[in-house]
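Visitor: structure for the following, please:
(one chain, ligands or ions: 1)
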Amino acid sequence: MTDGARAATRTEPPPRETETHCPYCALQCGMILRDADGRIEVRPREFPTNRGGLCQKGWTAAELLDHPDRLTTPLVRDPSGTLRPASWDVALDRIADGLRTIQRAHGRDAVAVFGGGGLTNEKAYALGKFARVALRTRHIDYNGRWCMSSAAAAGLRAFGVDRGLPFPLTDLGRTGTLLLVGANPAETMPPLMRHVTDQRARGGRLIVVDPRLTATARQADLHLQPLPGTDLAVANALLHIALTEGLIDREYVATRTEGFDAVRRTVAGYWPAEVERLSGVPVADLEATARALGTADSAVILTARGAEQHAKGVDTVSAYVNLALALGLPGRPHSGYGCLTGQGNGQGGREHGQKSDQLPGYRKIDDPAARAHVAGVWGVDPAELPGPGVPAYQLLDSLGTPDGPRALLVFGSNPVVSAPRAARVESRLRGLDLLVVADFLRSETAELADVVLPVAQWAEEDGTMTNLEGRVLRRRALRPPPPGVRTDLTVLAELAARLDDAPDAPVPATTPDGPAPTTPTTTRPAVPAPRTPADHVPAPRTAPDRFPTDPRVVFAELRRASAGGVADYAGVSWDRIESADGVFWPCPDPDGPDSPRLFADTFPTPSGRARFHAVQHRPAAEEVCADYPLHFTTGRVLAQYQSGAQTRRVAALHRAAPHGFVELHPDLADRLGVAEGDEVRVASRRGELRAPARLSPTIRPDTVFAPFHWPGAARANSVTNDALDPVSGMPEFKICAVRVERA
Ligand code: SF4
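Guide: Just a heads-up that it's a prediction; the model follows:
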């Protein structure tokens, strides 16, 4: 029976206990949910990534299912500016009418969609299709752009494919030397450290590159503590040393790669003593690291946000990929380069159409063959598909501007807290004619919306996620959503049906249950008149049955859409996932093997060889100066996740990490006259944050740190820089120049 047919005949009630995965990060720890007379219990289960472990976030994940803040009815902003409960019909009509009015007046691209790296594959796929087919806008992107797009771009240009880890996580436990660059899994995904513990028990070495002595760095054999923004120079110096000391795998370089000569010439100038002056990392530590990597039987180099969230993030990752290639690591047993994906479905979310330049299967939207294939699956003319849009920050920064979108639909994201230069993004959102947020809690972004739609949570929905290994997993529902709550798939189908129905109907002046779409609010003006007649386009038309609401049916369509693409899911079925602890893509054939390990024999590039890219260190987009003399960097804490909209509401997590803070070295604090717990003000050229000082000798005296999980005065992203990587569109979250003083 096909997945679609099975969906049509499935009638069994939801189980009282189910095996699923954590809703949060990309480790996607295996867990069991049990409904004990309405109380949902969580317990870990044995799964290859977490091996029976969970972090505090996973243990407490079910608390949000029945949280008092849970949204169970749509909210529509009334003329006084207040969000008030409304019926689904009123809310959806208001959205559809608003979208139609705006698109008629200003063109299709006047509507934009913003997705999230936590959405299931089915929802990410449906959202991309909804943007391209129902709205016919080029403007869609997602918050995963801020997670690992730099590693994705570097992986694509080196290996021809972007899969976070091209090997199972269990390989870490058997590698000789593990180099973690800008990664702190002991706090961000603690169960991963079980693999590191294995590795060290077998005699392996752990080396961590991080400006802070993090929980992970504390466990390392060697900690390199570079100035933020100098990771690229460190990598080039490591390759310089490897060349000097004859550690290069010359046969591998000759037979499996191309472009090494340019890299060799480039790194020749990265003398360790000069890189020590630049980065602060002692020559002896650089040499020890190069030797540990170059002499081990096997070695793995992993990067994460610390190295990637820079305006030169792609080049920084390329520098570490160059090092891995020169040492002959990718494709070798228990060896290689990988990126630690952050969000739960950061990997799958970017494979199936949420990115502005991509179609499902990791296809390029400007590739005629890709457009023809996907348009065929969607039943539309390829010429009707829009072209590429712009990356996430550029999209948000254009909202409400004369040439930018005037309406935004947000699914599974909270950019008011998570976007760089967040105050500016917040003002852009306020400048929209229509903001719609689908969420299960009133996030800070939902607070600005004209319409808020209450949608299902992870334990209430079926679907698939693709974890940091490229392993496709099953998310299973334990129980249905509460009354009044719908799934994202249902929301998209209902909106598509409304956009298809009576597209030329006039916008009503009022409705029996609520305000009209053009009613002024206190937060933004009414939908304006057309700017020019030339902007007029017909309202979008699409058949509502093109947006199925059953995730099995959606996944069956996703398989067809991805077939033949880089991320080929054609051979992945829900049954196969369930029988085998997940399925690694690419998996083109239902009866053929999947791909847990890539690159053993070849790389998916035109030549079959991996490609070196010569890259040069360059300063951060904003350097310290007399007015802003300190470096500022951001990151995460163990008990909170991303924008914190969910985890800040979990009692145990709130107790563990109740508020933001600013970490600074005691010597710096002395100079500034700041004591532990004093409120400090951190100001950059873009804004400021205020939070209690936390003194720690583990941070460099020239650098201050703040976690980014909190809104309001402690919002770290009020300070961060919106300079973007020219290739990936990744903002420079990890370094800017600030001034710090007692508040
Ligand atoms: S947050 Fe990540 S590490 Fe923690 S339980 Fe969930 S998936 Fe595992």
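
Visitor: mind pulling up the pLDDT for the closest residue to the ligand within the stretch 1-150 of the chain?
Guide: Across the stretch 1-150 of the chain, the shortest distance to the ligand (Cβ to the nearest ligand atom) belongs to G58, at 2.4 Å. C-beta: built from backbone N, CA, C; applies to glycine. Per-residue pLDDT puts G58 at 97.

Visitor: show me what contacts it?
Guide: C22, Y24, C29, M31, V42, P44 (Cβ atoms under 8 Å, 6 or more residues apart in numbering).

Visitor: surely the first one touches C29?
Guide: What it means is C22. Yes: under the criterion of Cβ atoms under 8 Å, C22 lies in contact with C29, with a separation of 4.6 Å.

Visitor: mutual contacts of those two, please.
Guide: What both C22 and C29 touch, as defined by Cβ under 8 Å, 6+ apart, is the set L54, G58.

Visitor: so what's whichever residue of the stretch 201-350 of the chain sits closest to the ligand closest to, chain neighbours aside?
Guide: Across the stretch 201-350 of the chain, no residue is closer to the ligand than G344, which sits at 7.0 Å (Cβ to the nearest ligand atom). In this structure, G344 finds its nearest non-sequential neighbour in G118, 4.8 Å apart by Cβ to Cβ, 6 or more residues apart in numbering.

Visitor: that older thread, inside strands: which ones of the contacts of G58?
Guide: Counting by DSSP state E, the part of the contacts of G58 found in strands is M31, V42, P44.

Visitor: got the residues of the stretch 1-150 of the chain near the ligand?
Guide: Residues of the stretch 1-150 of the chain that fall close to the ligand, judged by Cβ under 6 Å from any ligand atom: C22, Y24, C25, L27, Q28, C29, N50, L54, C55, K57, G58.

Visitor: residues in this structure within reach of the ligand, list them.
Guide: Close to the ligand, as judged by Cβ under 6 Å from any ligand atom, the chain has residues 22, 24-25, 27-29, 50, 54-55, 57-58, 189-191.

Visitor: mind running it again at 8 Å?
Guide: For the chain, the residues in contact with the ligand (Cβ under 8 Å from any ligand atom) are 21-29, 31, 44, 49-50, 53-59, 61, 188-192, 344, 641.

Visitor: only whichever of the residues you listed are buried, select them in ChimeraX.
Guide: Per 16 or more other Cβ atoms under 10 Å, the buried members of the residues of the chain next to the ligand correspond to this ChimeraX selection:
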select :21,22,23,24,25,26,27,28,29,31,44,49,50,53,54,55,56,57,58,59,61,188,189,190,191,192,344,641
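
Visitor: closest residue of the stretch 151-300 of the chain to the ligand?
Guide: Closest point on the stretch 151-300 of the chain to the ligand, by Cβ to the nearest ligand atom, is M189, at 3.9 Å.

Visitor: identify the residue nearest that residue in space, chain neighbours excluded?
Guide: L27 (4.3 Å).

Visitor: give the buried residues for stretch 624-640.
Guide: Neighbour-count burial for stretch 624-640 flags 624, 628, 630-640 (criterion: 16+ other Cβ under 10 Å).

Visitor: what's the span of it from first residue to last?
Guide: Criterion Cα to Cα, to the nearest Å; first-to-last residue distance in stretch 624-640 is 30 Å.

Visitor: off-centre distance for that stretch?
Guide: Averaged C-alpha coordinates place stretch 624-640 at 21 Å from its chain's average position (Cα atoms, centre = their mean, to the nearest Å).

Visitor: please apply the same query to stretch 564-575.
Guide: Distance, centroid of stretch 564-575 to centroid of chain: 21 Å (Cα atoms, centre = their mean).

Visitor: that one: which residues count as buried?
Guide: Buried residues in stretch 564-575 (16+ other Cβ under 10 Å): G565, V566, A567, D568, Y569, A570, G571, V572, S573, W574.

Visitor: now the two most distant members of the residues you listed.
Guide: Greatest spatial distance in the buried residues of stretch 564-575: V566 and W574, 21.9 Å, computed using Cβ to Cβ.

Visitor: next up, identify which helix or strand L668 is on.
Guide: helix 666-672 (DSSP states H and E).

Visitor: report the buried residues of that helix.
Guide: By 16+ other Cβ under 10 Å, the buried positions in helix 666-672 come out as L668, A669, L672.

Visitor: show me what the nearest residue to the second one once chain neighbours are set aside is bridged to.
Guide: Leaving aside its sequence neighbours, A669 sits nearest to L695 (Cβ to Cβ, 6+ apart; 5.1 Å). Beta-bridge partners recorded for L695 (DSSP bridges): L664.

Visitor: can you give me the pLDDT of L695?
Guide: 98.

Visitor: mind listing what it touches?
Guide: E663, L664, H665, P666, A669, V674, A675, E676.

Visitor: so who does the spatially closest residue to L492 that is not a sequence neighbour touch?
Guide: Distances taken as Cβ to Cβ, 6+ apart put F130 closest to L492, at 4.8 Å, once the chain neighbours are dropped. By Cβ under 8 Å, 6+ apart, the contact set of F130 is V113, L492, L495, A496, F547.

Visitor: again, but for F114
Guide: Taking Cβ under 8 Å, 6+ apart, we find F114 in contact with 140-143, 392, 395-396, 408-411, 413, 415.

Visitor: with G336 instead?
Guide: P166, F167, D171, V300, I301, A324, L329, P330, F599.

Visitor: the helix or strand harbouring L178 pairs with which strands, parallel or anti?
Guide: If you go by DSSP H and E, L178 is part of strand 177-181. Here strand 177-181 is paired, per DSSP bridges, with strand 205-209 (parallel), strand 299-303 (parallel).

Visitor: what residues does that strand touch?
Guide: Contacts of strand 177-181 (Cβ under 8 Å, 6+ apart): 172, 196, 199, 204-210, 216, 220, 231, 235, 289, 292-293, 296, 298-304, 306-307, 320.

Visitor: C-alpha coordinates for it, CSV please?
Guide: Output in CSV follows, covering the C-alpha atoms of strand 177-181 (Å, rounded to 0.1, in the frame of the first residue of the first chain):
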residue,chain,number,x,y,z
THR,A,177,41.6,13.2,17.0
LEU,A,178,38.5,15.3,17.3
LEU,A,179,38.8,19.1,16.6
LEU,A,180,35.8,21.1,17.5
VAL,A,181,35.8,24.7,16.2
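
Visitor: shaky segments in the chain?
Guide: 1-15, 501-544 (pLDDT under 70).

Visitor: what about 80?
Guide: 1-15, 501-545 (pLDDT under 80).

Visitor: next helix or strand past the longest helix belonging to it?
Guide: Assignment by DSSP state H gives helix 88-106 as the longest helix of the chain. From helix 88-106 onward toward the C-terminus, using DSSP H and E, the following helix or strand is strand 111-115.

Visitor: what's the angle from that next one to helix 88-106?
Guide: 130 degrees (axes from the mean of the first three to the mean of the last three Cα atoms, to 10 degrees).
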